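A.B. asks: starting from these lines, generate the structure:
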Amino acid sequence: MPASVLSDWLAQRLDRGSVQPIYRQLHRLLQQAILSRELTAGAKVPSSRLLAAELGVGRNTVTQVYEQLALEGYVSSATGRGTFVADSAPDEIVFDELPSAVEAAPAVLSARGERLIAGAGVSKRQGGAFMPGVPDVSRFPARVWSRLHAKYWRRLRPDLLTYAPGGGLASLRHALADYLRTSRSVHCSPEQIIVTTGIHQSIDLAVRLLSDAGDTIWTEDPCYWGVRSVLQVSGLDLKAIPVDEEGIAPSPDDLANPPKLILVTPSHQYPLGMVMSLARRRMLLEYARQNRCWIIEDDYDSEFRYGSRPLASLQGLDAAGQVIYVGSFGKTLFPGLRIGYIVVPEALSASFATASAELYREGQLLQQAVLAEFIAEGHFTSHIRRMRALYGQRRELMLATIAARYGETLPIAGGDAGLHLVLRLPEGVDDRAVAARALEENIVVRPLSGYFARRDRAESGLLIGYACVPDEEIEPAFETLAGVVDQFINR
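C.D. replies: Below is the predicted model:
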């Protein structure tokens, strides 16, 4: 394009009625003209005074655009000579004639990426009836948290605004060690605790440091889809081990081929809710000791048991240092906090702290300081106690509502702990189709079959979360869900 017709070309494309400023439009159009070689390398562009007059815009606007283009390498200026399109194409690359409309490169994922997306279970909805695993964040003690936050901002220390030291803030690690020892029977020192952004990062860190691509990891079947996704992209060989009423249940053939890692949820199996028996715990620990396996204990929803005290951790029974314990504050406080932790054997603590700082460059020190004081002042345990009572009440209401509609026709699993229960569906009912149809009615449930790695072992059911549903909404919301369920049962 000759420079002499540039102003006409630009004038035809500027949208005077757009909310986008003229400066932004002009900058984008000139970029486009240069990249598409409408303006060829070495071409002189009109002076800022001339172009401003022809476009009817301020000269400062054009000057600002030219200066930005020069900074980005699109044009160059010489005093007394003018502004010219720069030639930025590498000499060794031969450019074919560009088509009038440049086609975007095909969006091709790697095989690992394809597997991740195909198996993704993340939902666009993160609350409402009956989203599993979501706490009632409206009951969070925001005033207490805000007071602590304000205190740290008033007397701000510069070291709280930089990267986190390896392992996380010392005060939080000390508070966590005290809490885990008393409430979960976890044997640890503050140095054994590494602060992370949650369960996913904790497991990712453990997998990176304790295994290599191709190593085998046992997972429960069914298990949490999010953790399975983390493991799949790590290059590990996932072996799905079925669960029974006592927890993970490896067969003799499974036991004959020891894995490198074993991932379990012993205090509250996710999603079915059973508790690993003491006999099974002792068997698993002895097997790991003899075969040098690492056990990753995901202490999911352990704080929320109804009718009995929270159970002691598997880590607390471990005398050989084979258990890696992970937890988070996503359910006990609020998911957006994004603070979790991993407890590792003492011999591994320095390596894990270094790797965490090296891989993730953690921050959030101000949040960690607030959380440490929140725990130390007793607000954390008080909040858990209040929420346990609230969730227990909603659980009873949920169970009564289901019983009133179905009696014992549809069995319930996992109702003794956690933030959800499982409503079993008759064999042959497509729980994925039920969940999809329920979503059309603004009801969020998860299909149980989606948590099974082995499709031939998949069972039909719905995960129903009750924690974030106000009492008065549980019955009408379930009636809506039941109407959908009945459509599929009665076919």
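
A.B. asks: what residues of the longest strand along the chain count as buried?
C.D. replies: Using DSSP state E to define each element, the chain has its longest strand at strand 237-244. Of all the residues in strand 237-244, those buried under the rule 16 or more other CB atoms under 10 Å are 238-243. To be clear about C-beta, it is placed using only N, CA and C from the backbone, and glycine gets the same treatment.

A.B. asks: what's the helix or strand for the residue sitting nearest the centre point of the chain?
C.D. replies: Taking CA atoms, centre = their mean, the centroid of the chain lies closest to His200, which sits 6.8 Å from it. His200 belongs to helix 199-210 when assigned by DSSP states H and E.

A.B. asks: in this structure, what secondary structure element scores lowest on mean pLDDT?
C.D. replies: helix 111-118 (a mean of 81; mean pLDDT, DSSP states H and E).

A.B. asks: does the residue in the chain sticking out farthest from the centre belong to a helix, a strand or coil?
C.D. replies: For the chain, the largest distance from the centre (CA atoms, centre = their mean) belongs to Gly80, which lies 56.8 Å off. When classified by DSSP: H, G, I helix; E, B strand; the rest coil, Gly80 comes out as coil.

A.B. asks: what's the neighbour count on Pro470?
C.D. replies: For Pro470, the count of nearby residues is 11 (other CB atoms under 10 Å).

A.B. asks: quick one, phi psi at it?
C.D. replies: Taking degrees, to the nearest 10, you get phi -60, psi 150 for the backbone angles of Pro470.

A.B. asks: tell me the pLDDT at it?
C.D. replies: We have a pLDDT of 96 for Pro470.

A.B. asks: how about Asp192: what's its closest non-neighbour residue?
C.D. replies: For residue 192 the amino acid is Gln, not Asp. Among residues not flanking Gln192 along the chain, Ser349 sits closest, at 4.9 Å (CB to CB, 6 or more residues apart in numbering).

A.B. asks: same question, Thr216
C.D. replies: With CB to CB, 6+ apart, the residue lying closest to Thr216 is Pro259, at 4.0 Å.

A.B. asks: same deal with Arg13?
C.D. replies: Leu29 (5.5 Å).

A.B. asks: can you tell me how far the one you found is from Val57?
C.D. replies: According to CB to CB, to the nearest Å, Leu29 and Val57 sit 12 Å apart.

A.B. asks: my read is that Gln364 contacts Arg338, right?
C.D. replies: Yes: judged on CB atoms under 8 Å, Gln364 makes contact with Arg338 at a distance of 7.3 Å.

A.B. asks: who has more neighbours, those two?
C.D. replies: Gln364 (20 against 15).

A.B. asks: which ones are touching the more buried one?
C.D. replies: Residues near Gln364 by CB atoms under 8 Å, 6 or more residues apart in numbering: 164, 197, 338-339.

A.B. asks: at 10 Å instead, please
C.D. replies: 160, 163-164, 168-169, 172, 195, 197, 337-339, 370-371 (CB atoms under 10 Å, 6 or more residues apart in numbering).

A.B. asks: can you check what pLDDT the model gives it?
C.D. replies: Predicted confidence (pLDDT) for Gln364: 88.

A.B. asks: shaky segments in this structure?
C.D. replies: Applying pLDDT under 70 to the chain flags residues 1-4, 88-106, 125-126, 310.

A.B. asks: and the helix ranked longest in it, what does it pack against?
C.D. replies: Ranked by number of residues, the top helix in the chain under DSSP state H is helix 379-406. Helix 379-406 sits against helix 142-154, helix 170-184, helix 365-376, strand 412-413, strand 420-424, strand 461-465, helix 471-489, with contacts defined as 3 or more CB pairs under 10 Å, 6 or more residues apart in numbering; DSSP states H and E.

A.B. asks: quick one: which of the ones you listed is nearest Trp9?
C.D. replies: Proximity to Trp9 (CB to CB) singles out helix 365-376 among the helices and strands packed on helix 379-406, at 51.3 Å.

A.B. asks: what helices or strands is that closest one leaning on?
C.D. replies: helix 142-154, helix 170-184, strand 193-196, helix 379-406.

A.B. asks: how does it look with 8 Å?
C.D. replies: helix 142-154, helix 170-184 (3 or more CB pairs under 8 Å, 6 or more residues apart in numbering; DSSP states H and E).

A.B. asks: and that helix, what's buried?
C.D. replies: In helix 365-376, counting by 16+ other CB under 10 Å, buried: 365-375.

A.B. asks: I'd like the residues you listed written out as JSON lines, with distance to Val122 added.
C.D. replies: Converted to JSON lines, the buried residues of helix 365-376 look like this (distance: CB to CB, whole Å):
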{"residue": "Leu365", "distance to Val122": "28"}
{"residue": "Leu366", "distance to Val122": "28"}
{"residue": "Gln367", "distance to Val122": "23"}
{"residue": "Gln368", "distance to Val122": "26"}
{"residue": "Ala369", "distance to Val122": "30"}
{"residue": "Val370", "distance to Val122": "28"}
{"residue": "Leu371", "distance to Val122": "25"}
{"residue": "Ala372", "distance to Val122": "30"}
{"residue": "Glu373", "distance to Val122": "33"}
{"residue": "Phe374", "distance to Val122": "28"}
{"residue": "Ile375", "distance to Val122": "29"}
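
A.B. asks: ok, now which ones touch Met274?
C.D. replies: Going by CB under 8 Å, 6+ apart, the list of residues near Met274 reads 243-247, 413-414.

A.B. asks: ramachandran angles for it?
C.D. replies: Torsion angles, degrees, to the nearest 10, at Met274: phi -70, psi 160.

A.B. asks: and the one 3 residues further on, by the same measure?
C.D. replies: Taking degrees, to the nearest 10, you get phi -70, psi 160 for the backbone angles of Ser277.
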